[in-house]
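J.: predicted model follows, preceded by the sequence.
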Amino acid sequence: MEDFLRTLLIGLATGSVYALASVGLVLTYKTSRILNLGYGALAMFTTFVYWQLTVQWGVPLWLSALIVILVIAPLLGLFLDAQLFRRLEGQPIVIGLIATVGLSVLLQGIVIKIWTAETRTVPSLFPQTPIKIVGGATLGTDQVLILVISLGAAAALAAMLRFTRIGVAFRAVVDNRAVAGLMSINTNLISGLAWALGTSFAALTGILLAPRLFLDPITLPFFIIAFLLGAAIVGYLESMPLAFAGGLLIGVAQAFLVQYGTFRGVIGNLDNATPFLIVTIMLLFAPRRLRRAATGGSFVVRTRELAEHASPVARMGVAVALFSFIALFPVLSDSISWQRSLTFGLIHALIFLSLVILTGFSGQISLGHTAFLGIASFSAAHFVSDLGWPVWLAFIVGAFAAVPAGALLGLVAVRLHGLFLGLVTLAFAFMAHDLFFTEPFVSGREGSVRLPRPPGGESDLAFYYVVLAFLVLFVVVAANLRSGRTGRVLAALRDSETAGRSLGINVVKYKVFIFSLSAFIAAFGGILAGMQKESANRLDFIPFYAIVYLTVAVLGGVFHIGGAIAAGLFYGLYRQVFRNVPFMLDIQLILFGLGATLALAQNPEGMFGEMRRGGNAVLRAFGHRRPPAAEPLPVAGGRE
């Protein structure tokens, strides 16, 4: 009984921090309709500032905490709202998500640049002396006080929203921002205050959790956001009381699984996967009203681009010239390092192409592509190493092994849309990794399985051309898909699924098809990536990479095939281009974060959009007529 009570209270103490943070996450989402996947990074960054004040500069603990929570964090929230999130209003859900991912990467880059990636110990605000509780069990004083502070902060927020004029304004903006504006409420001010409050809660979360988890700029942000998503989804991103209850639930469930869980293997990993199981179950069985509300706004991107295109002949000429240059590059250059970097970039262009056909062509959001890569790579590796299959046969069958997973998510996409679909695919990637990819029967005792290159592609040069051949093949497939009947059907479903259903389009068939095709193409990329290193390694399929892949694809131009090529070349060649410029390598994460936040807010079509604008300017200089009017260019799916 003593252990039970102690475990319950420990779970409630930890869960109360998750609960408080999830309330901040829901508050910012409800006022801006942007789900902040960078919330964990905000907690990490502000906690590093707290560490600097206390450990490095000797400022008293409580004074440091008050400075960070009441001054620095709110100012940071106000700045982010004014300079980033307000500019994203009206953009597609995927653009808002990617901007918050960019914020996470930007803050990580700043932290690593200033404080390095070293893990640090954070002093606790409270003593850890044990005290006796009900039933004779003992509990740390810090855990009791954490529970009290979290409950007190949540109660103070509830009282503010319920009994003050600013709270009434908050509720009005949350219920209907447009109507609140008509009632002379300063909606921008309320939005800024919401982000200030949310960032303060993030700072409090980091300061309370870091002494128990250690302060690590790589793992802490994703640990925090993983548990917050599970808690927030209990309230479907709408109810702050339910989100708070969800945080308590997750904390208690995790504590009991750690204390009493005696299972090993896949079932033994459930404590890590608990938030994602909750996300999946809650979203799949969400009421129809909430599922439809999560579809978000139109996918017509606000852009400076005029509704003009180069002729098919010009586009074909550019494509032939580009791939001809890539094919001749090994002949023109004898640099092995450049060749390997370009191979790496072409492999990832294939992965980004799979996201282009899914998000750009059909308007579906996927944050779970690492699951496809891992399934295919480990399958191919085991077919070769365990069953002795020929490498080419294992390659093809391994790629097909990812198709059922894609089809499964396609079926899920029939029920879920927009943001909720993105969250379920992210949960799928985490569950695949935490439940399966970490197990020795999948990834081997050392975390990797040998994956040799295919016959005829053993050397770096030969493998380069194998990769290029597959990329050209799937570029042709994607181009024909977009211009053919299937592409037109996908565009119709993308713009209005309801209208597509009324025309008799089989939505289930087409969604299962596009997810399966995307998984198949991504699987080829995953296997080729493993073959380049000659091993399938579980560290290559960390779910965070799925978010990074979508971010880079959007930066390249997720709405165009050319964007996948641009993203792949950028991703593969950056470190090679700046290998002799240490400063540029040091700020790589910072530049990436800036590109995914400020630059993306200005130009949602990414690098390819800028290149196309440049091409159009050249065409106009040679007599191509400028269209009479500028219109937004519809490039991804729309509102149901």
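T.: Happy to help now that I have it.

J.: show me where the stretch 251-400 of the chain has helices.
T.: 265-268, 270-284, 288-293, 312-332, 336-355, 361-362, 369-385, 391-401 (DSSP state H, counting those that start in this stretch).

J.: out of the ones you listed, which gets nearest to residue 60?
T.: For residue 60, the closest of these is helix 270-284, at 34.9 Å, according to C-beta to C-beta. Yep, even glycine has a C-beta here, placed from its N, CA and C like the rest.

J.: go ahead and name everything in contact with that closest one.
T.: 226-227, 229-231, 233-234, 236, 246, 249-250, 253-254, 257-258, 261, 263, 291, 412, 415-416, 420, 423-424, 426-428, 430-431, 434-435 (C-beta atoms under 8 Å, 6 or more residues apart in numbering).

J.: wait, which of the helices of the stretch 251-400 of the chain is closest to residue 31?
T.: Closest approach to residue 31 among the helices of the stretch 251-400 of the chain is made by helix 288-293 (15.2 Å; C-beta to C-beta).

J.: pLDDT averaged over that closest one - what is it?
T.: Mean per-residue pLDDT for helix 288-293: 68.

J.: next: stretch 324-340.
T.: In this model, stretch 324-340 has an average pLDDT of 88.

J.: and for stretch 217-230?
T.: Across stretch 217-230, the average pLDDT comes to 83.

J.: show me where the protein has its strands.
T.: Assigned by DSSP state E, the chain shows strands spanning 130-132, 138-140, 300-301, 448-450, 535-537, 633-634.

J.: wait, isn't residue 124 in contact with residue 143?
T.: No - contact criterion C-beta atoms under 8 Å: residue 124 and residue 143 do not qualify, at 10.3 Å.

J.: the two - which one has more neighbours?
T.: Comparing residue 124 with residue 143 by other C-beta atoms under 10 Å, the one with more neighbours is residue 143, at 23 against 18.

J.: OK, contacts around the residue lying closest to that one once chain neighbours are set aside?
T.: With sequence-adjacent residues excluded and distances taken as C-beta to C-beta, 6 or more residues apart in numbering, residue 143 is closest to residue 13, at 4.0 Å. Residues near residue 13 by C-beta under 8 Å, 6+ apart: 139, 143, 144, 146, 147, 251.

J.: tell me, how many residues neighbour the residue lying closest to residue 157 once chain neighbours are set aside?
T.: In space, residue 157 comes closest to residue 23 once its chain neighbours are excluded; the distance is 6.6 Å by C-beta to C-beta, 6+ apart. Close neighbours of residue 23, defined as other C-beta under 10 Å, add up to 27.

J.: again with residue 436
T.: Counted with other C-beta under 10 Å, the neighbours of residue 436 add up to 20.

J.: so what's the residue count around residue 328?
T.: Neighbour tally, residue 328, other C-beta under 10 Å: 10.

J.: what's the first-to-last distance across stretch 444-453?
T.: Terminal residues of stretch 444-453 are spaced 19 Å apart (C-alpha to C-alpha, to the nearest Å).

J.: coming back round to it: can you check the pLDDT for the residue nearest to residue 143?
T.: In this model, residue 13 is scored at 85, pLDDT.

J.: and the gap between it and residue 376?
T.: Using C-beta to C-beta, to the nearest Å, one gets 42 Å for the distance from residue 13 to residue 376.

J.: same deal with residue 47?
T.: 38 Å.

J.: shouldn't the residue nearest to residue 157 be in contact with residue 244?
T.: Yes - contact criterion C-beta under 8 Å: residue 23 and residue 244 qualify, at 5.5 Å.

J.: can you list residues touching both of the two?
T.: Common contacts of residue 23 and residue 244 (C-beta under 8 Å, 6+ apart): residue 154.

J.: would you mind putting the CA coordinates of stretch 162-181 into CSV?
T.: Below are the C-alpha coordinates for stretch 162-181, written out as CSV (Å, rounded to 0.1, in the frame of the first residue of the first chain):
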residue,chain,number,x,y,z
ARG,A,162,-13.2,33.4,-15.3
PHE,A,163,-13.3,36.6,-13.2
THR,A,164,-11.3,39.3,-14.9
ARG,A,165,-12.0,41.6,-17.9
ILE,A,166,-8.9,40.3,-19.7
GLY,A,167,-10.1,36.8,-19.1
VAL,A,168,-13.4,37.6,-20.7
ALA,A,169,-11.5,39.0,-23.7
PHE,A,170,-9.4,35.8,-23.8
ARG,A,171,-12.6,33.7,-23.9
ALA,A,172,-14.1,35.8,-26.6
VAL,A,173,-11.0,35.5,-28.8
VAL,A,174,-10.8,31.8,-28.2
ASP,A,175,-14.5,31.3,-29.1
ASN,A,176,-14.5,33.4,-32.3
ARG,A,177,-11.6,35.7,-33.1
ALA,A,178,-13.4,37.4,-36.0
VAL,A,179,-16.4,38.3,-33.9
ALA,A,180,-14.2,39.4,-31.0
GLY,A,181,-12.5,41.8,-33.3
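
J.: spatially nearest residue to residue 244 (excluding sequence neighbours)?
T.: residue 19 (4.2 Å).
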